[in-house]
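coordinates only, sequence not included:
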Ligand SMILES: [Zn+2]
């Protein structure tokens, strides 16, 4: 007779099989791999990349007409144009942003759900996105990448990552190496502008009724720019 604990273990194994997660060294991130996505669109072709533009929003007249009276316009007004912050009764927008400490937005209370990840990569947060839309009622997503992002060229930080986990967190060196090897490719981005643009495109395809807008946060001046092709 199986006990409750055995049943839980069996259920976990079954979920592991059905979600397709084959990574063992990345066990700590196992749940993050449990969704359907494809790595094929992580990079732009050179031709696609050369077409991308950054549009500055420095005044009300810079606002593209398609965003007038939308949560996207409000976000840009609050942060870039320093509109007065008045609290909302319920959220209107979901923001996907990098966890980088330099990225700080000026926002009113209750205006936005915020998911912060390495590089603003939302591939491993789809349940939370679905929740913000279905239960939270947001109608727009702003995906915000930034320049000088730590998730670009992760390979160059491998030794620091491993030694840092050993020295600061008490990890075994072999486990730290395996952790980096198993997980870094999931989070590394090639270029913040291109990645954010493609990630927004992926989310648009997944949530067709939701407005999804890619933006870049410039660390040098703390302003948001629209990314367009
Ligand atoms: Zn970053």
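Right, received. Where do you want to start? This is a predicted model, so every value here is computed, not measured.

Please count neighbours and contacts with C-alpha atoms only from this point.
Noted.

roughly how far apart are the closest residue to the ion within the chain and residue 102?
Proximity of the chain to the ion (CA to the ion) peaks at residue 149, 3.6 Å away. Per CA to CA, to the nearest Å, residue 149 is found 10 Å from residue 102.

More neighbours: the two, which one.
Remark: of residue 149 and residue 102, residue 149 carries more neighbours, 19 against 13, as counted by other CA atoms under 10 Å.

domains for the chain, by residue range?
Dividing the chain into domains by automatic domain parsing, as the record does, gives the ranges 1-34, 40-152+189-228.

Go through those domains and pick out the most buried.
Here the criterion is mean neighbour count by mean count of other CA atoms under 10 Å, and of these the winner is domain 40-152+189-228, at a mean of 18.

pLDDT on that one, on average?
Per-residue pLDDT over domain 40-152+189-228 has a mean of 94.

chain center to it: distance?
9 Å (CA atoms, centre = their mean, to the nearest Å).

who in the chain is up against the ion?
98, 100, 119, 149-150 (CA under 5 Å from the ion).

Quick one: the helices in the chain, in order.
All helices of the chain, identified by DSSP state H, fall at 4-19, 46-51, 71-79, 126-134, 158-169, 173-187, 192-206.

which helices and strands sit right next to the last one?
For helix 192-206, the contact count by 3 or more CA pairs under 8 Å, 6 or more residues apart in numbering; DSSP states H and E identifies strand 140-146, strand 211-218, strand 223-228 as packing neighbours.

Residue 185 is nearest to which of those?
strand 140-146 (17.7 Å; CA to CA).

Give me the residues contacting the closest one.
71-72, 92-98, 119-120, 192-193, 196, 199-200, 210-219 (CA atoms under 8 Å, 6 or more residues apart in numbering).

Then stretch 53-73?
76-77, 80-81, 92-93, 139-140, 142, 213, 216, 224-229.

Ends of it, what's the gap?
Termini of stretch 53-73 sit 18 Å apart (CA to CA).

Any idea which of the helices of the chain gets closest to residue 108?
Nearest to residue 108, of all these, is helix 71-79, at 7.8 Å by CA to CA.

ok and the closest one relative to strand 140-146, angle-wise?
Helix 71-79 and strand 140-146 are oriented at 50 degrees to each other (axes from the mean of the first three to the mean of the last three CA atoms, to 10 degrees).
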